[in-house]
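Student: The sequence and its predicted three-dimensional model are supplied below.
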Amino acid sequence: MHHKLDTDKQVFFYEQDFYVLSNFSAFTLQWRGLRFDTSEAAYHYEKFVGGGVRAEAIARNILNAPSAHVAFKMAERNKDLRRPDWDAVKVGIMREILHAKADQHEYVARKLLETGDRELIEDSWRDDVWGWGPNRDGQNLLGKLWMEIRAELRGLPSNAALCGPREAASHGNGA
């Protein structure tokens, strides 16, 4: 089995108890005036917005994709048509999408807060950018963004999200 069980220090949200934090979880999203079935589809849609006629056609297909997996596959097949600034803007866009998901779904925000002060890890054995990857040494950017949003929901400084509870307390709240 690839997945670990949650502990008192870590939450693994790829397919377990906190699956709501996964971009593949089925929570609709109003994004830029459009309705997406998942945050995953909204993220892949953004890869092609403003990229010309062919890229815009891919974006429309992603918007209408029947599942998050299909949206992901469409985006992967069309990497060459991604907007040229994608690598520079993708983390900021993901942060905005996750904020929208938590803002639009009280259940998602509540589950996020239920994680307490634990480290959030996208337990993906495939993705070492958004998750921690096959060797468990990836960037885990999705987990880090969720921890930032959790800190904001609590009214904590965003640097509290990237360090443990003891370190966060020593940083103070900026008052």
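Tutor: Right, received. Where do you want to start?

Student: list the helices and strands the helix or strand harbouring residue 113 packs on?
Tutor: Assigned by DSSP states H and E, residue 113 belongs to helix 106-114. Taking 3 or more Cβ pairs under 8 Å, 6 or more residues apart in numbering; DSSP states H and E as contact, the helices and strands that helix 106-114 lies on are helix 86-104, helix 141-154. Glycine gets a C-beta too; all of them are placed from N, C-alpha and C.

Student: closest one to residue 64 among those?
Tutor: Among those, helix 86-104 comes nearest to residue 64, with 18.0 Å by Cβ to Cβ.

Student: thinking again about what came up before, would you mind finding the most buried of the helices and strands packed on helix 106-114?
Tutor: Neighbour counts (mean count of other Cβ atoms under 10 Å) averaged over each of the helices and strands packed on helix 106-114 peak at helix 141-154, with a mean of 20.

Student: That one vs helix 86-104, what angle?
Tutor: 40 degrees (axes from the mean of the first three to the mean of the last three Cα atoms, to 10 degrees).

Student: could I have the helix holding residue 113 exported to CSV, CA atoms only?
Tutor: Extracted C-alpha coordinates of helix 106-114, given in CSV (Å, rounded to 0.1, in the frame of the first residue of the first chain):
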residue,chain,number,x,y,z
GLU,A,106,-17.8,25.3,4.8
TYR,A,107,-17.1,21.5,5.1
VAL,A,108,-13.7,21.9,3.4
ALA,A,109,-12.8,24.7,5.7
ARG,A,110,-13.9,22.8,8.7
LYS,A,111,-12.0,19.7,7.7
LEU,A,112,-8.9,21.8,7.1
LEU,A,113,-9.2,23.3,10.6
GLU,A,114,-9.7,19.8,12.1
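
Student: Report the distance from that helix to the chain centre.
Tutor: 14 Å (Cα atoms, centre = their mean, to the nearest Å).

Student: All the helices of the chain, in order from the start?
Tutor: Under the criterion DSSP state H, the chain contains helices at 39-46, 53-63, 68-77, 86-104, 106-114, 141-154, 165-171.

Student: Model confidence for residue 168, exactly?
Tutor: Confidence at residue 168, expressed as pLDDT, is 38.
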